[in-house]
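J.: sequence isn't available, so here's the structure alone:
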């Protein structure tokens, strides 16, 4: 079974959102994905990284880490921050829930991740940070 | 993200190109709001033909502008959505309040 892994660390600046999603898409391209599968991954990564920057670090300086693995035809992506953490993960996962309505956030970030990937796990601790783990199986391999 | 503006009567046509994410959303919403105020536009058409990526930050931008113009009875239409963007629109429930049209003339007629 083909295996590969990578780790990426970058400053929690919004400029890096496009950089991060493009890097993960490039890593996943080994799986010979369809354009749609690749767009799904880019969109989900973009949502997780945006959450880390806006909510985890509240737009202050921090480091966002992405770990990605390929096992056969399954891509696993972890987006990790050491920010403030999510107090109520179940509430945060609800469609349309946002803790920052004043920023015109739609509250759809986790819903997008859930819909575009096959699985989504969130581990978070107040004051310690958040790990968002997503998996996607590539059908085209 | 690059934004171009065209006026069509009381309709403001916003031509967008590039990627609409959290990074580009802030300046996009400011530029569009300023243009609406400057021209006194009643309704909006978003032309997405040049947009090759959008995440849920884009939902906020579109709904925010919808709220702004609908206060005074205005409407919003969209054209040229690529499949990935259409799926984000669907997830965000945007088609309940905003319709997609085949071209700019049909969109303008609906407003």
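T.: Yep, it's here. What you see is a predicted model, and the numbers here were worked out from it, not measured in a lab.
J.: every contact and neighbour count from this point should use C-alpha atoms.
T.: OK.
J.: grab the nearest non-local neighbour of residue A:107.
T.: residue A:96 (4.1 Å; CA to CA, 6 or more residues apart in numbering or on different chains).
J.: where do the helices sit along chain A?
T.: Along chain A, the stretches classed as helices by DSSP state H are A:16-28, A:35-51, A:89-93, A:109-116.
J.: can I get the ones you listed in CSV with mean neighbour count and mean pLDDT?
T.: What follows is the helices of chain A, written out as CSV (neighbours: other CA atoms under 10 Å in any protein chain shown; pLDDT from 0 to 100):
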stretch, mean neighbour count, mean pLDDT
helix A:16-28, 19, 98
helix A:35-51, 23, 97
helix A:89-93, 14, 90
helix A:109-116, 22, 96
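J.: out of those helices, which is closest to residue A:1?
T.: helix A:16-28 (15.3 Å; CA to CA).
J.: how about the closest one, does it get close to chain B?
T.: Yes: Helix A:16-28 reaches chain B (CA under 8 Å from any CA of the partner chain) through residue A:17.
J.: can you pull out the residues in contact with that helix?
T.: With contact meaning CA atoms under 8 Å, 6 or more residues apart in numbering or on different chains, helix A:16-28 is reached by A:10, A:38, A:41-43, A:45-46, A:49-50, A:68, A:70, A:75, B:21-23.
J.: which residues does residue 45 contact?
T.: In the absence of a named chain, this looks at chain A. If you count contacts by CA under 8 Å, 6+ apart, then residue A:45 has A:20, A:21, A:24, A:79, A:113 around it.
J.: switch to chain B, that's the one I care about
T.: With CA under 8 Å, 6+ apart, residue B:45 has these contacts: B:11, B:12, B:13, B:14, B:76, B:77, B:78, B:79, B:104, B:107, B:108.
J.: need the pLDDT of it.
T.: On pLDDT, residue B:45 comes in at 98.
J.: quick check: angle from the helix or strand containing it to helix A:16-28?
T.: If you go by DSSP states H and E, residue B:45 is part of strand B:43-54. If you take axes from the mean of the first three to the mean of the last three CA atoms, to 10 degrees, strand B:43-54 sits at 40 degrees to helix A:16-28.
J.: now strand B:43-54: buried residues?
T.: B:43, B:44, B:45, B:46, B:47, B:48, B:50, B:51, B:52, B:53, B:54 (16 or more other CA atoms under 10 Å in any protein chain shown).
J.: quick one on the thing from earlier: redo the helices of chain A as a markdown table? Include distance to residue A:132.
T.: Below are those laid out as a markdown table (distance: least, CA to CA, whole Å):
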| stretch | distance to residue A:132 |
| --- | --- |
| helix A:16-28 | 14 |
| helix A:35-51 | 7 |
| helix A:89-93 | 11 |
| helix A:109-116 | 10 |
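J.: among those, which is nearest residue A:128?
T.: helix A:89-93 (14.0 Å).
J.: and the closest residue to residue A:82 other than its chain neighbours, what's its pLDDT?
T.: If the residues on either side of it in the chain are set aside, residue A:82 comes closest to residue A:129, at 4.0 Å by CA to CA, 6+ apart. The score at residue A:129 is 97. That number is its pLDDT.
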